[in-house]
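Novice: Just a sequence and a predicted model for now, questions to come.
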Amino acid sequence: MIEDTITAIATPIGTGGIGIIRLSGSNSLAIADKMFNSWNEVKVHEIPSFNLRLGYVIDPGDGEVFDEVLLSVMRAPKSFTGEDVVEINCHGGPIVMEKILRLTLELGARMAEAGEFTKRAFLNGRIDLAQAEAVIDVIEAKTDLALGVAVNQLHGNISERIGYLQKRLVSVLAQMEASIDFPEDVGEIDCSETRRILLNIKETIHSMIAEGQRGKILREGLTTVIIGKPNVGKSSLLNALVKENRAIVTEFPGTTRDAIEEVINLDGLPLRIVDTAGIRETGDVVEKIGVDRAKKLLAEADLVLFVVDAATMLTEDDKLIARELNKDNTIVLLNKHDLKNIEMTERFINETLPEFQSLKISAKEKWGLDKLPILIRDKVFGNNIVAKDRNIVTRSRHLSALNKAVNYLNEAINGLENGNMVDLLTIDIRGAWDSLGEITGETIAEDVLNTIFKEFCIGK
Ligand code: GDP
Ligand code: ZN
């Protein structure tokens, strides 16, 4: 049981209509009682759960009135954290929020760490770890699609799938252990049936991993590089894309982001266009950041947009860049389609980059760009449609846990085929079970847990 009561401003710092100071812990109601004068003179501990009362926040020391507020109470265990929670809805000015926060500290609360409310919800068993992570994802979702997936995870849909797989592993394990402990009654395990079950579980995990590659993109965005020699229209393209599709990007203290990137929402797909500052300032990534860095960017990119000036003949510089590209993640944009000569360039591209997909556009006239999302979806997701209601994995942490589980299952399956001792097999199956448990947080090391909650902002 966690003893102390934590406090934080739960709304963004800055000026707004309403600001919320949130308290959680066994002393929340007592602390709130000392600083709240309700209009109808009820005490905080008399307010029913999920009810609001209007009143004043008053400094009990000198009687100074800080603000007129609405105060709500949510009692343990039916609150977000599973503890007694009080929320003070005050006016959203930075001074008033700060004064009320400080009063809660003076009255015995402790400043919450980043993500500590959600961490308590996890530690108190209100939500599992995958759900806690989904809280961040809901807050940070960059597109509708990403939000839909995150809300599903918050609801516990991933956890349910994991739980089901774990249950099947437990029943295999139980049979194995019974065959060890009571060989006369149970007899030996049915190797081919056990193998079939394990293979089937492995297949399910495999498909979750495959979906997860796409899920990760939904959550994190496609790392996109726009490349091309100077004056082909990279900035114009970027500006055209950004103007129509700029994503609402929220910045959180504690989250480190590449400073120079622009996030756009292209028909539900978040694109993180890196090093845009480089493109904007000099018109040329290669010139600005050097060839090696450009190669590194290309190597790390999920998506490369290679822009050529289709109105002029291609030059050595174009060919130099083309040599570094990979058809699996590159789309060639034949820009300046509003001018002449495009057929020549098109033919040239078809000859030099035969298997590359290309699109005729005019960044200046904003023409042809509407076909870009379809091409990108096709490139990235193949024919798979990403539907909102799919319970896909979106986090690298979950993906690596799934991969670990697959490795253990492979060991177990090999062991079965080689006729290994059953008690050796149980070790691998337990390993697979544990790996799955890392996702929901059943089996997770303290330090990993702390890293996860550091991603949150204060007050969440
Ligand atoms: P960057 O150096 O690759 O970033 O190229 P810019 O975007 O700065 O464009 C270079 C020049 O090409 C500018 O004068 C643009 O107005 C022009 N330009 C860019 N896109 C188009 C286009 O689609 N059609 C025409 N006609 N001109 C364009
Ligand atoms: Zn430019």
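Specialist: Ah, there it is. Keep in mind it's a predicted model, so treat the numbers as computed, not measured. Ligands and ions are numbered 1, 2, ... in the order given.

Novice: From now on I want contacts and neighbour counts done on CA atoms only, so please keep to that.
Specialist: Will do.

Novice: show me the contacts for the closest residue to residue 268 other than its chain neighbours.
Specialist: Of all residues not flanking residue 268 in the chain, residue 143 sits nearest, at 5.4 Å (C-alpha to C-alpha, 6 or more residues apart in numbering). By C-alpha atoms under 8 Å, 6 or more residues apart in numbering, residue 143 lies in contact with 247, 265, 268, 269, 270.

Novice: Count the neighbours of residue 355 for me.
Specialist: 12 (other C-alpha atoms under 10 Å).

Novice: can you check residue 368 too?
Specialist: Neighbours around residue 368, by other C-alpha under 10 Å: 16.

Novice: any idea how far residue 268 is from it?
Specialist: 18 Å (C-alpha to C-alpha, to the nearest Å).

Novice: Let's see if you can find the most crowded of the contacts of residue 143.
Specialist: Counting by other C-alpha under 10 Å, top hit in these: residue 270 with 27 neighbours.

Novice: wait, isn't it in contact with residue 242?
Specialist: No - in this structure, residue 270 is not within contact of residue 242 by C-alpha atoms under 8 Å, at 11.7 Å.

Novice: Sort out for me which of the contacts of residue 143 are in strands.
Specialist: Applying DSSP state E to these, the entries found in strands are 265, 269, 270.

Novice: so which of those are also by ligand 2?
Specialist: Contacts with ligand 2 within these, counted by C-alpha under 5 Å from the ion: none were found.

Novice: residue boundaries of the strands in the stretch 101-250 of the chain?
Specialist: Listed in chain order, the strands of the stretch 101-250 of the chain (DSSP state E, counting those that start in this stretch) span 110-111, 222-227.

Novice: What strands line up against the first one, and which way round?
Specialist: Under the criterion DSSP bridges, strand 110-111 sits next to strand 6-9 (parallel) in its sheet.

Novice: buried sites along the following helix or strand past the partner strand?
Specialist: On the C-terminal side of strand 6-9, the nearest following helix or strand under DSSP states H and E is strand 16-24. Residues 19, 20, 21, 22, 23, 24 are the ones in strand 16-24 that count as buried (16 or more other C-alpha atoms under 10 Å).

Novice: For strand 16-24, what does the pLDDT average out to?
Specialist: For strand 16-24, the mean per-residue pLDDT is 93.

Novice: next one: stretch 435-451
Specialist: Averaged across stretch 435-451, pLDDT comes to 86.

Novice: mind checking the end-to-end distance for that stretch?
Specialist: Stretch 435-451 stretches 18 Å from its first residue to its last (C-alpha to C-alpha).

Novice: Same question for stretch 183-190.
Specialist: Rule used - C-alpha to C-alpha; the end-to-end distance of stretch 183-190 is 13 Å.

Novice: starting at the chain centroid, how far to it?
Specialist: 46 Å (C-alpha atoms, centre = their mean, to the nearest Å).

Novice: in that stretch, what counts as buried?
Specialist: residue 189.

Novice: Going forward, count from 760.
Specialist: Sounds good: first residue 760 from here, last item stretch 942-949.

Novice: any low-confidence regions in this structure?
Specialist: Counting by pLDDT under 70, the ranges of the chain that qualify are 760-761, 1003-1020, 1034-1052, 1100, 1141-1149.

Novice: Those residues of it touching ligand 1, which are they?
Specialist: Selection of the chain residues close to ligand 1 by C-alpha under 6 Å from any ligand atom yields 989-995, 1042-1043, 1094-1095, 1097-1098, 1121-1124.

Novice: Show the buried residues in those residues.
Specialist: Here, 16+ other C-alpha under 10 Å leaves 989, 991-995, 1042-1043, 1094-1095, 1097, 1121-1122 buried among the residues of the chain next to ligand 1.

Novice: Now the two most distant members of those residues.
Specialist: 1043 and 1097 (22.3 Å; C-alpha to C-alpha).

Novice: Name the single longest helix found in this protein.
Specialist: helix 950-979 (DSSP state H).

Novice: Who are the contact partners of residue 953?
Specialist: Contacts of residue 953 by C-alpha under 8 Å, 6+ apart are residue 931.

Novice: what residues are shared contacts of residue 1029 and residue 1001?
Specialist: With C-alpha under 8 Å, 6+ apart, residue 1029 and residue 1001 have common neighbours residue 1023.
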